[in-house]
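Colleague: fold the stuff below for me.
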Amino acid sequence: MKKIACIIVLSLCLTAFLGIFQTAFAVEFLSGEELFVEDAINDDAYMGGGVITVESDVAGDLYLGGGSITINGNIEGDLVVGAGQIVVNGNVKDDVRAAGGSVFVNGNVGDDLIVTGGQFNLGSEALVGGSLILGTGYANILGTINEDIKGGGGKIVLGGTVYRDIEVEVGENISLTKDARINGNLVYSSLVEGKFDETQVGGFIEFNKQKPEKDFGGQIENFFTRWYLLFELVHYASLMLIALVLVLLIPAGILGINKITKTHPWKSLGLGFVISVCTIAAMIILAITIIGLPLAGILLGALIISWCIAKVYAAAFIGSLLIKPKKMTKMKLFGITALGGFILMVIGIVPFIGWLIVLLAVMMAFGALVWYKKDLYHKLDLQKLD
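Modeller: The predicted structure follows:
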């Protein structure tokens, strides 16, 4: 009975996501290791892959996930993108939300531009109609910002025009080139006060000195608190409980998903990202209506459960990269998964970048899970036809 109950729960979660997948496919869904898009798209589009180049115009919103993404076409709606490297040369009429290792925006943005990642560059010809929200290690801003710049980063260089205020926190410093102009106020927090030409700032300049960081030993002592470690151990134990159920019920599924992840890592990552974005978007739309609110709650629960299951598959994948037994048994498979889960837990507690690495691993496993289930359903349909 317990096995049957587990199978029913997993089936319900997957069935809930199938409705979202069909919605995504009904719009425009494209994926591939190398994806080159040159035909015009007259609706919203969702793309995932290793290397993606978009030459065509998109009449609606565009959602992308992958390794390297270049967008040369114009986007009529929002652009939501996550990748290792992102280059946006086309114009976007609404908001842009980008997360990546390096982000280059050379086209115009109609509304707000929100960027998080390692390096960000706004081209000299680019115009942002709204505000620029930053969360980057290094930012080189050469274009024009019609409203404000907010957020922070390790180092910020301004060489363009900001028509309103700048309010940022910087780890290293903020500097203005000779071509920079701020029509409003410059309010910044840093360890060291910068030197500015006051004629370049239309309003006032306010410097808030940051307190020096404590010594490294003190940071480690504060970070690894008893309660945080207890939470991580409980989380790890819960993850291993789910892993045990999956190993006992569907060991072949774990091995199949591992194979897909190894063979198509970037495509799996892009697919997992796109499906997650589609699901969250559907939940928001449903939550707006009173009738759809319960379904939005169900989808939220299904998404969280699916991510938890995907984390188990991510753990199995990481463990399999280190241990490759000649003969696989359920006990060995569980041990490999436990090792991978422990590695994920250790990576997850690394400040700043740990959560991002874990997120990428989970999204990759989630995409491989969707791919595996799709292939499985296709095989079952073929058997029914026979």
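
Colleague: what about the strands in the stretch 201-350 of the chain?
Modeller: Along the stretch 201-350 of the chain, counting by DSSP state E, counting those that start in this stretch, strands occupy 205-209.

Colleague: ranges for the helices of it?
Modeller: Counting by DSSP state H, counting those that start in this stretch, the stretch 201-350 of the chain has helices at residues 216-223, 226-249, 251-263, 265-288, 293-322, 330-348.

Colleague: could I get the ones you listed as JSON lines with distance to I166 and mean neighbour count?
Modeller: C-betas here are computed from N, CA, C, even on glycine. Output for the helices of the stretch 201-350 of the chain, formatted as JSON lines (distance: least, C-beta to C-beta, whole Å; neighbours: other C-beta atoms under 10 Å):
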{"stretch": "helix 216-223", "distance to I166": "29", "mean neighbour count": "10"}
{"stretch": "helix 226-249", "distance to I166": "35", "mean neighbour count": "15"}
{"stretch": "helix 251-263", "distance to I166": "43", "mean neighbour count": "18"}
{"stretch": "helix 265-288", "distance to I166": "30", "mean neighbour count": "22"}
{"stretch": "helix 293-322", "distance to I166": "37", "mean neighbour count": "20"}
{"stretch": "helix 330-348", "distance to I166": "34", "mean neighbour count": "18"}
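
Colleague: who's in contact with E34?
Modeller: G49, G50, V51 (C-beta atoms under 8 Å, 6 or more residues apart in numbering).

Colleague: quick one on the thing from earlier: which one of the helices of the stretch 201-350 of the chain lies nearest to L79?
Modeller: Of all the helices of the stretch 201-350 of the chain, helix 265-288 sits nearest to L79, with 11.8 Å by C-beta to C-beta.

Colleague: which elements pack onto that closest one?
Modeller: For helix 265-288, the elements it packs on are helix 2-27, strand 29-37, strand 45-54, strand 62-71, helix 293-322, helix 354-385, judged by 3 or more C-beta pairs under 8 Å, 6 or more residues apart in numbering; DSSP states H and E.

Colleague: mean pLDDT for these: which is lowest?
Modeller: Per-segment mean pLDDT for the helices and strands packed on helix 265-288 reaches its minimum on helix 2-27, at a mean of 39.

Colleague: run through the bridge partners of the residue positioned nearest the centre of the chain.
Modeller: Most central in the chain under C-alpha atoms, centre = their mean is G82, positioned 5.3 Å from the mean C-alpha point. Bridge pairing for G82 (DSSP bridges) gives the partners G65, A99.

Colleague: how near is it to M363?
Modeller: Computed as C-beta to C-beta, to the nearest Å, the G82 to M363 distance reads 9 Å.

Colleague: who touches both of the two?
Modeller: G65, F273.

Colleague: for V170, give me its contacts.
Modeller: Contacts of V170 by C-beta under 8 Å, 6+ apart are G152, G153, G154, K155, I156, Y188, S189, S190.

Colleague: show me these that map onto strands.
Modeller: Residues of the contacts of V170 located in strands (DSSP state E): G152, G153, G154, K155, I156, Y188, S189, S190.

Colleague: if we only consider those, which is nearest to V96?
Modeller: Among these, and counting by C-beta to C-beta, the member closest to V96 is G153, at 17.2 Å.

Colleague: can you give me the helices in the stretch 51-200 of the chain?
Modeller: So, for the stretch 51-200 of the chain - with DSSP H, counting those that start in this stretch - there are no helices.

Colleague: in it, what residue spans correspond to strands?
Modeller: 62-71, 79-88, 96-105, 113-122, 127-128, 132-141, 144-145, 149-158, 161-162, 166-176, 181-182, 186-190.

Colleague: now render those strands as TSV, adding distance to K326.
Modeller: Listed next are the strands of the stretch 51-200 of the chain as TSV, based on distance: least, C-beta to C-beta, whole Å:
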stretch	distance to K326
strand 62-71	33
strand 79-88	35
strand 96-105	37
strand 113-122	41
strand 127-128	57
strand 132-141	44
strand 144-145	60
strand 149-158	47
strand 161-162	62
strand 166-176	49
strand 181-182	65
strand 186-190	57
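
Colleague: tell me which of these lies nearest to G272.
Modeller: The nearest among the strands of the stretch 51-200 of the chain, by C-beta to C-beta, is strand 62-71 at 7.5 Å.

Colleague: quick one: distance of that closest one to the chain centre.
Modeller: Its chain's C-alpha centre and that of strand 62-71 lie 11 Å apart, by C-alpha atoms, centre = their mean, to the nearest Å.

Colleague: tell me what angle it forms with helix 265-288.
Modeller: Between strand 62-71 and helix 265-288, the angle comes out at 140 degrees (axes from the mean of the first three to the mean of the last three C-alpha atoms, to 10 degrees).

Colleague: only alpha carbons, please: show strand 62-71 as CSV.
Modeller: Extracted in CSV, the C-alpha atoms of strand 62-71 (Å, rounded to 0.1, in the frame of the first residue of the first chain):
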residue,chain,number,x,y,z
LEU,A,62,10.4,35.7,-24.6
TYR,A,63,11.6,33.3,-21.9
LEU,A,64,15.0,31.6,-22.4
GLY,A,65,17.4,29.4,-20.5
GLY,A,66,20.7,27.9,-21.6
GLY,A,67,24.5,28.1,-21.8
SER,A,68,25.1,31.0,-24.3
ILE,A,69,22.3,33.2,-25.6
THR,A,70,22.4,35.9,-28.2
ILE,A,71,19.3,38.0,-29.1
